[in-house]
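> Got a predicted structure plus its sequence, pasted below:
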Amino acid sequence: MPQSDVQHEPAIAAVPAWDPLLAANPYLPHMARIVRIYRMVKDNWVFTIRFLDDHRACAFHHRPGQFVMLSLPGTGEAPISISSSPSRPGVLELCIRRVGRVTDALYRMNTNDLVGVRGPYGNGFPVESIRGHDLLLVAGGLGMAPLRSLLWYAIDHRDEFNRIILMCGAKTPRDMLFHDELVSLVDRSDVTCLLTVDSDPTGVWRNHIGLLPKLFDHATIDPARTYATVCGPPVVYRFILQRLLAIHFPKDRILMSLERRMKCGVGKCAHCSVGYKTTCLDGPIFTYWDAINLPEMI
Amino acid sequence: MSNWSEVRLDYTRTILPPKKYFLPPQETLFRYEPGQGYVPFREGLNQHIVLFGLHACDIYALNILDRVFAGKYPDPYYQARRKNILIIGIDCIPDEHCFCRSMRADFADKGFDLFFYDIGDYYLTFIGTSRGDDMVQAGSALFEPVSAADVEEYKLRSARKRGSFQIDVDIRDLPEIFELQYQSGIWDAFGEKCLCCGTCSMVCPTCYCFDVRDEVEFGSGSGTRTRHWDSCLFASHAEVAGGENFRKTRAARIKYRFYHKQRGFVAEYGRPSCVGCGRCLSACPVGIDIVQAIRQLQGVQHASV
């Protein structure tokens, strides 16, 4: 049989077609492995996860204050703020409160189990603007979960910030999120770390005892050159904002992280709308000025 | 429908808007398979459909949805359907519920492939896309060039249509009015009346809220992730994990719905997301009327023009 003169298409035809459902699908979770479960505080565990795909694990870049959508196959999806700093890449640390259906199921999982992750989403803290200023972090109760990312980002880029002042309060030392690492910061000379508890049943607490706003008596804040980040239950906002406004702290330099139930994370489903902003795109970090101008915000 | 003669080209409005073809009431996003993870579900995405006889307001509504489902994170499911569905628009005569002219959505300048305007013996055809032009070329025996008389007839009919609207509402100062009336007791009165049944959201051509649900197939470990039409009037809409609800009362929810349509969307996209199709006011089981609501907020009480 004579050979045909027609040349076959070269092998480049084997390149798969551009597929937006795989390559540009904002709803597509990527599988990741739980590599560590740190049972830090009752119902507040830290899950360390890593994408199965090493390229994805290395290429994942987030800003402090951003969140991911965490999927549990067959159960559902929930927005979770990233507690690890982008300056420590490779894995994601998620401090997760056991509070609903998805997180309940997560607490029954073990290391090596698989979860789905997509993101990072949200605006994150405006680190470019904070750079060159003093940074005040105020966390009450579970507020440390979203602030920890910024804390370690600032410490790892220490020369970019002036003073770093951390104020953290909890009911007892055993309820304090990230207790061990925060206590280890107290002795550092380049960070002002003020920790307080309402009461100390352990008897070995060496830091402050009293309510969180009392810590303002132990630090001088210069409203003219400071960014404040506040996170915690409503009562924390109420009293901390009072303290900050009393020293004429600019409202647009008080940053807070908002919690809403995002379903899509990418500004479509409208479940996290506040006024005319979506928490997932325009937030979750809002300034206090935004908060007083948008209804239903806090 | 089996026969062309059954086609009613003079219909007023469909019960459900055409959004159902682009954002189906229930849509599977992924299948989950152990070992494979989440696999995008493609069924129906590449189906080629012609939507014939869409009104300008509904096309305008699709143009609004286009903006929501594009942006920083384009929605590939919506985009695929939008690409594969051909749209032929047709003009219409307003009835007692239509206020598309007030919402500046009585004329669609894009978002269709072809648009037919009745000028008596012929349809004046606007060609919106290259694909629309292909259709005209393919059916060239049906088309002839537009004459000066056709244009005159179009202008005449257009003016007649303009004069036949029974509702006229001024929306220019609406964002400020909504802002100033945010604490108004009017909302409590609406909250008393509204059943929060969500009908207005379902029939709205621009309501796009969705809920996402996972279902598992017992035994196999595989399952699906689906999205469903949702409504901000439902009690669970603004609920967060742990039970906190940011819009507990019916008044808060109906206020949010109106606010987002007429105020929030203006800030985000430069215009209200309402196109004045009249579906919500004709479908509401307790007779809540957005036009009356706007007039009440503005303090203008005359019933109709």
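Cool, the structure landed. Numbering: from 1, shown residues only, chains lettered A, B, ... in the order given.
> neighbours around the residue of chain A at minimum distance from chain B, how many?
Residue nearest to chain B within chain A: residue A:276 (3.0 Å; C-beta to the nearest C-beta). No exception for glycine: its C-beta is placed from N, CA and C like everyone else's. Here the count is done by other C-beta atoms under 10 Å in any protein chain shown, and residue A:276 has 18 residues near it.
> Not counting its neighbours along the chain, what's nearest it?
Excluding the flanking residues, the one nearest residue A:276 by C-beta to C-beta, 6 or more residues apart in numbering or on different chains is residue B:264, at 3.0 Å.
> tell me the SS of the one you found?
What DSSP: H, G, I helix; E, B strand; the rest coil gives for residue B:264 is helix.
> tell me the contacts of it?
Going by C-beta atoms under 8 Å, 6 or more residues apart in numbering or on different chains, residue B:264 touches A:273, A:275-276.
> Residue B:108 and residue B:65, how far apart?
13 Å (C-beta to C-beta, to the nearest Å).
> for residue B:221, same thing?
Taking C-beta to C-beta as the measure, residue B:221 falls 36 Å from residue B:65.
> Look at these two and report which has more neighbours.
Neighbour tally, residue B:221 and residue B:65, criterion other C-beta under 10 Å: the higher count belongs to residue B:65, 23 against 13.
> a helix runs through that one, doesn't it?
Yes. Membership of residue B:65 in a helix is supported by three-state DSSP.
> Wait, it touches residue B:23, no?
Yes. Using C-beta atoms under 8 Å, residue B:65 makes contact with residue B:23 at a distance of 7.2 Å.
> Please tell me the pLDDT value assigned to whichever residue of chain B sits closest to chain A.
Residue of chain B nearest chain A, by C-beta to the nearest C-beta: residue B:264 (3.0 Å). In this model, residue B:264 is scored at 82, pLDDT.
> Can you give me the distance of it to residue A:89?
From residue B:264 over to residue A:89 (counting by C-beta to C-beta), the distance is 37 Å.
> With residue A:130 instead?
Distance from residue A:130 to residue A:89, by C-beta to C-beta: 20 Å.
> what do you get for residue B:49?
Shown here: residue B:49 relative to residue A:89, a distance of 46 Å by C-beta to C-beta.
> picking up where we left off before, just put the contacts of residue B:264 in a markdown table and tack on pLDDT and secondary structure.
Converted to a markdown table, these look like this (pLDDT from 0 to 100; DSSP: H, G, I helix; E, B strand; the rest coil):
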| residue | pLDDT | secondary structure |
| --- | --- | --- |
| A:273 | 83 | strand |
| A:275 | 75 | coil |
| A:276 | 76 | coil |
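> okay, and the common contacts of residue B:65 and residue B:23?
Joint contacts of residue B:65 and residue B:23 (C-beta under 8 Å, 6+ apart) are B:78, B:208.
> Pretty sure residue A:210 sits against residue A:196.
Yes. Between residue A:210 and residue A:196 there is a contact under C-beta under 8 Å: 5.6 Å.
> In a helix, residue B:260, correct?
Yes. Judged by three-state DSSP, residue B:260 forms part of a helix.
> How about the contacts made by it?
Counting by C-beta under 8 Å, 6+ apart, residue B:260 has contacts A:270, A:273, A:276, B:232, B:273.
> how about TSV for those residues, with distance to residue B:258 added?
Converted to TSV, the contacts of residue B:260 look like this (distance: C-beta to C-beta, whole Å):
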residue	distance to residue B:258
A:270	14
A:273	13
A:276	12
B:232	10
B:273	11
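> now the helices for the stretch 101-250 of chain A?
Per DSSP state H, counting those that start in this stretch, the stretch 101-250 of chain A carries helices over the ranges A:101-106, A:127-130, A:144-156, A:179-185, A:234-246.
> Name the residues of the third one that are buried.
So the one you mean is helix A:144-156. A:144-155 (16 or more other C-beta atoms under 10 Å in any protein chain shown).
> That helix and chain B, are they touching?
No. Helix A:144-156 lies out of reach of chain B by C-beta under 8 Å from any C-beta of the partner chain, never closer than 13.2 Å.
> Now find how far off-centre that helix is within its chain.
The chain centroid and the centroid of helix A:144-156 are separated by 8 Å under C-alpha atoms, centre = their mean, to the nearest Å.
> what's next to that helix, contact-wise?
So helix A:144-156 is in contact with A:44, A:62, A:64-67, A:81-88, A:95, A:97, A:125, A:127, A:130, A:135, A:137, A:139, A:160-161, A:164, A:166, A:168, A:176-178, A:182, A:191, A:229, A:231, A:257, A:284, going by C-beta under 8 Å, 6+ apart.
> and the stretch 51-200 of chain B, which residues reach chain A?
Within the stretch 51-200 of chain B, the positions adjacent to chain A are B:68-69, B:71-77, B:79-80, B:182 by C-beta under 8 Å from any C-beta.
> how does it look with 7 Å?
Neighbours of chain A within the stretch 51-200 of chain B, by C-beta under 7 Å from any C-beta of the partner chain: B:68-69, B:71, B:73-76, B:79, B:182.
> Of those, which pair is most distant in space?
Spatially, the most separated pair among these is B:76 and B:182, at 36.8 Å (C-beta to C-beta).
> Have a look at those two and say which one is more surrounded.
Neighbour count, other C-beta under 10 Å: between residue B:76 and residue B:182, residue B:76 has more, with 22 against 13.
> Partner strands of the lengthiest strand in chain A, with direction?
Longest strand in chain A, counting residues (DSSP state E): strand A:30-41. Here strand A:30-41 has these sheet partners by DSSP bridges: strand A:44-51 (antiparallel), strand A:114-121 (antiparallel).
> Nearest to residue A:218, out of those strands?
Nearest of those (C-beta to C-beta): strand A:44-51, 26.2 Å.
> Next one: residue A:230 from residue A:249, what distance?
Distance from residue A:230 to residue A:249, by C-beta to C-beta: 10 Å.
> Apart from its chain neighbours, what residue comes closest to residue B:129?
The shortest distance from residue B:129 to any non-neighbouring residue, by C-beta to C-beta, 6+ apart, is to residue B:113 (4.8 Å).
> Now do that neighbour, the pLDDT please.
pLDDT for residue B:113: 97.
> Hmm, residue B:88 and it touching each other?
Yes. Counting by C-beta atoms under 7 Å, residue B:88 is a contact partner of residue B:113 at 6.4 Å.
> which of those two has more neighbours?
Between residue B:113 and residue B:88, counted using other C-beta under 10 Å, the more crowded position is residue B:113 (22 against 19).
> how about the strands in chain B?
In chain B, the strands defined using DSSP E lie at B:26-33, B:37-40, B:49-54, B:85-90, B:114-118, B:123-127, B:210-216, B:223-229.
> Distance from the shortest one to the middle of the chain?
In this view, strand B:37-40 has its centroid 30 Å away from the chain centroid, taken as C-alpha atoms, centre = their mean.
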